[in-house]
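Asker: Sequence first, predicted coordinates after that:
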Amino acid sequence: MQNDKPVTHTVGHLIDGRTVADTARTQALFNPATGQVSAHVALAGKATVEQAIASAEKAFPAWRATPPLKRARVMSQLKVLLEQHADEIAALITAEHGKVLADAHGELQRGIENVEYASYAPELLKGEHSRNVGPGIDSWSEFQALGVTAGITPFNFPAMVPLWMWPMAVACGNTFVLKPSERDPSSALFIAELAQQAGLPPGVLNVVNGDKEAVDTLLHDPRVKAVSFVGSTPIAEYIYAEGCKHGKRVQALGGAKNHAIVMPDADIAGAVSAMMGAAYGSCGERCMAVPLIVCVGDDTADAMIAGLKTEIARMKVGPGTDNANDMGPLVTQPHFDKVKGYVDQGVAEGARLLVDGRALKVAGHEGGYFLGPCLFDGVKPGMAIYQEEIFGPVLGIVRVPTLQDGMQLIDDHEYGNGTCIFTRDGEAARYFTDHIQVGMVGVNVPLPVPVAYHSFGGWKRSLFGDLHAYGPDAVRFYTKRKTITQRWPSAGVREGAVFSFPSSR
Ligand code: NAD
């Protein structure tokens, strides 16, 4: 069914606790299942972003002085509101991103777990204390808020990735300016409005929608002390360099090309099921998706292909609003064209296209950005479909003779976000986890996305900066350590001047 509802609104900003309408410069939002324009989004200019930064700066002193437990209670209340509004948020995600509703609920649940972890901030901020480091001297370290912090997020997890960032930032006493993806901004804005309802004072969290102009304003403004970014590698690299140049603390998470190794002794049926979700879930638009299966031995490859072809034939592709579907559309027409272009290029470069999803049509949704699942065999390093992040439902089989060969491929690749191995051999699995040059590793787990109380981040060109996202690293990223050394001499005790360097000798 085509969506021919009239375009009724422009998604604005949230500044100083108020929704700000802004139609000066806008961009269309599309329903990916129909190809129809569903709304517009405001693209904030420099002055609007500066207004948001000013609001965050004004809110900072009082919020910093608010006892951590009171800040944490806002997070606890937000968790309740997110659970109450989960259906509404999932519907917003699906309408703009296209993913199937069950998948949208899954992403939201992961985001809620980050809010839950942020509600433990008082415990996480406790610091370190040492008594009597010298005569009558005590010393302690505490973790103080930075001030105004900012986040810039990608389209593929429009609710979850913002929740990786700002809940912990504000629970640590910072204020925040969020710049969501301009392709699907509504769920992040709605969640920010829920945070106000949960008790977040005006200005503690501001949301500005926009594009490069908004991002550059955040990167260049000296009032912004730290920037978290998640998105593609070229932009991550730019954000890191530009943010550092302007004196900010920056963490910039980039793209990925995750390989799964399947060993000859693996549970092949289990690996096939796992790979179906990892390759085609969310239409392959996940930074932890697995677009490459490295099969050790031809028998392993042939068995995997047979299983995958059977499962692909059973897949249902259609609008994300119907939970009976396994996969929805790609996010936009340009992204559809790009992914389809990679499939064309893979064929031209000599990979064997075993399953071709390019001709897929979804009845009643002819204008949607649907691409059927694609499966290649004979994928090799040097081919674009091997080297580059496709971010679509395109899975490639790579054949290698040994585990060492497979690991070498992974280590040689520019990205190092996630990887996994399927095997029944504990020794092989242990060797793999110990040596592989990748940040997040699974053993018989296809998407080793860390839970909220561990941190998330890749290696190599999948992350620029030192600290990973969310979990314990987020507490360190959004605070600076101060170490205080204090003496209260007993009455009447006076030491003479000491000119040597103080030590405990
Ligand atoms: P993107 O890099 O195009 O956009 C991300 C953000 O950067 C958006 O908010 C966008 O407005 C902004 N942006 C885009 N171009 C810019 C420019 N020239 N200057 C300044 N800002 C700019 O990424 P995307 O397409 O929205 O998301 C998909 C990418 O994100 C994939 O590469 C995926 O692997 C990656 N990703 C990584 C992780 C991770 O944790 N490593 C998680 C999710 C997504």
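Answerer: In hand now; what should we look at?
Asker: all contacts plus neighbour counts: C-alpha atoms, from now on.
Answerer: Will do.
Asker: and the protein, what are its domains?
Answerer: Residue ranges for the domains of the chain, per automatic domain parsing: 10-254+462-483, 259-443.
Asker: Distance of the most centrally placed residue in the chain relative to residue 352?
Answerer: Compute the mean C-alpha point of the chain, and by C-alpha atoms, centre = their mean the closest residue is residue 161, 4.3 Å away. Residue 161 sits 36 Å away from residue 352, going by C-alpha to C-alpha, to the nearest Å.
Asker: what's the answer for residue 262, then?
Answerer: 20 Å.
Asker: Which of those two has more residues huddled nearby?
Answerer: Neighbour count, other C-alpha atoms under 10 Å: between residue 262 and residue 352, residue 262 has more, with 26 against 16.
Asker: Can you pull the phi and psi angles for that one?
Answerer: Geometry field for residue 262 lists phi and psi as phi -120, psi 120, criterion degrees, to the nearest 10.
Asker: Figure out the helix or strand that residue 476 lives in.
Answerer: Element membership of residue 476, judged by DSSP states H and E, is helix 471-477.
Asker: elements contacting the helix or strand that that helix is followed by?
Answerer: Past helix 471-477, heading to the C-terminal end, the next element that is a helix or strand (DSSP H and E) is strand 479-487. With contacts defined as 3 or more C-alpha pairs under 8 Å, 6 or more residues apart in numbering; DSSP states H and E, the secondary structure elements packing on strand 479-487 are strand 137-145.
Asker: tally of neighbours for residue 160?
Answerer: Residue 160: 22 neighbours (other C-alpha under 10 Å).
Asker: do the same with residue 473
Answerer: A count of nearby residues for residue 473, using other C-alpha under 10 Å, gives 17.
Asker: Please list all residues in contact with it.
Answerer: If a contact means C-alpha atoms under 8 Å, 6 or more residues apart in numbering, then residue 473 has 455, 467 as its contacts.
Asker: And it, how close does it get to the ligand?
Answerer: In this structure, residue 473 and the ligand are 14 Å apart, going by C-alpha to the nearest ligand atom, to the nearest Å.
Asker: per-residue confidence for that residue?
Answerer: With respect to pLDDT, residue 473 scores 98.
Asker: And residue 5, by the same measure?
Answerer: Reading off the per-residue confidence, residue 5 sits at a pLDDT of 44.
Asker: what does the one 3 residues further on give?
Answerer: What the model reports as pLDDT for residue 8 is 67.
Asker: rewinding a little: quickly compare the domains of the chain and say which is most buried.
Answerer: A comparison of those by mean neighbour count, using mean count of other C-alpha atoms under 10 Å, puts domain 10-254+462-483 on top with a mean of 22.
Asker: Helix, strand, or coil at residue 329?
Answerer: Following DSSP: H, G, I helix; E, B strand; the rest coil, we place residue 329 in the coil state.
Asker: remind me which residues of this structure are low pLDDT?
Answerer: Across the chain, the ranges flagged by pLDDT under 70 are 1-8, 492-494.
Asker: Name the residues of it found near the ligand, please.
Answerer: Within the chain, the positions lying close to the ligand (C-alpha under 6 Å from any ligand atom) are 152-156, 180-182, 211-212, 215, 230-232, 235, 253-256, 287, 462.
Asker: For residue 165, list the residues it contacts.
Answerer: Taking C-alpha under 8 Å, 6+ apart as the definition of contact, the neighbours of residue 165 are 151, 228, 469-470, 474.
Asker: quick one: residue 491 from the ligand, how far?
Answerer: Taking C-alpha to the nearest ligand atom as the measure, residue 491 and the ligand are separated by 57 Å.
Asker: Likewise for residue 340?
Answerer: Using C-alpha to the nearest ligand atom, which is the criterion applied here, residue 340 is 16 Å from the ligand.
Asker: from here on, count from 380
Answerer: With 380 as the first residue, the last one maps to residue 719.
Asker: and that residue, that one's in a helix?
Answerer: Yes - note on residue 719: a helix contains this position according to three-state DSSP.
Asker: With adjacent residues omitted, what lies nearest to it?
Answerer: Excluding the flanking residues, the one nearest residue 719 by C-alpha to C-alpha, 6 or more residues apart in numbering is residue 737, at 6.8 Å.
Asker: what secondary structure does that neighbour sit in?
Answerer: Secondary structure of residue 737, reduced to three states by three-state DSSP: coil.
Asker: Residue 589 contacts residue 423, correct?
Answerer: Yes - with contact defined as C-alpha atoms under 8 Å, residue 589 reaches residue 423; the gap is 4.9 Å.
Asker: Verify the contact between residue 422 and residue 408 for me.
Answerer: No - contact status for residue 422 versus residue 408: not in contact, 11.9 Å apart, counting by C-alpha under 8 Å.
Asker: so where do the strands sit in the stretch 480-629 of the chain?
Answerer: Applying DSSP state E, counting those that start in this stretch to the stretch 480-629 of the chain gives strands spanning 507-513, 516-524, 527-531, 554-558, 584-586, 603-609, 628-632.
Asker: quick one: which of the ones you listed is nearest residue 478?
Answerer: Among these, the nearest to residue 478 by C-alpha to C-alpha is strand 603-609 (19.0 Å).
Asker: Give me the contact list for that closest one.
Answerer: Outside of strand 603-609, the residues that reach it under the criterion C-alpha under 8 Å, 6+ apart are 432, 525-533, 540, 544, 597-598, 615, 618, 622, 626-633, 857.
Asker: and it, which strands flank it?
Answerer: When sheet partners are counted by DSSP bridges, strand 603-609 sits next to strand 527-531 (parallel), strand 628-632 (parallel).
Asker: The stretch 530-679 of the chain: helices as residue ranges?
Answerer: Chain-ordered helices for the stretch 530-679 of the chain, with DSSP state H, counting those that start in this stretch as the definition, fall at 539-550, 565-576, 591-599, 612-624, 647-659, 677-693.
Asker: can you pull the contacts of residue 709?
Answerer: Residue 709 neighbours (C-alpha under 8 Å, 6+ apart): 411, 476-477, 662, 664, 715, 748-750, 771.
Asker: what about the strands in the stretch 730-879 of the chain?
Answerer: Counting by DSSP E, counting those that start in this stretch, the segments of the stretch 730-879 of the chain that form strands are 731-734, 753-756, 773-779, 794-795, 797-801, 819-822, 838-839, 842-843, 858-866.
Asker: which residues touch the fourth one?
Answerer: Residues from elsewhere that reach strand 794-795 (C-alpha under 8 Å, 6+ apart): 634-637, 789, 816-818, 837-841.
Asker: From the ligand, how far off is the closest residue to residue 766 other than its chain neighbours?
Answerer: The spatially closest residue to residue 766, leaving aside those adjacent along the chain, is residue 760, at 6.5 Å (C-alpha to C-alpha, 6+ apart). Remark: distance between residue 760 and the ligand (C-alpha to the nearest ligand atom) = 19 Å.
Asker: hang on, the earlier thing: turn the domains of the chain into a markdown table, including distance to residue 875.
Answerer: Listed next are those as a markdown table, based on distance: least, C-alpha to C-alpha, whole Å:
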| stretch | distance to residue 875 |
| --- | --- |
| domain 389-633+841-862 | 14 |
| domain 638-822 | 54 |
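Asker: Please look at residue 556 and residue 581 and confirm they touch.
Answerer: No - judged on C-alpha under 8 Å, residue 556 makes no contact with residue 581 at a distance of 11.9 Å.
Asker: picking up where we left off before, adding distance to residue 672 as columns, could you present the contacts of residue 709 in a markdown table?
Answerer: Rendered in a markdown table, the data for these read as follows (distance: C-alpha to C-alpha, whole Å):
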| residue | distance to residue 672 |
| --- | --- |
| 411 | 28 |
| 476 | 26 |
| 477 | 26 |
| 662 | 17 |
| 664 | 17 |
| 715 | 23 |
| 748 | 26 |
| 749 | 23 |
| 750 | 20 |
| 771 | 15 |
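Asker: Just give me the closest of those to the ligand.
Answerer: Relative to the ligand, the closest of those is residue 664; by C-alpha to the nearest ligand atom it sits at 7.3 Å.
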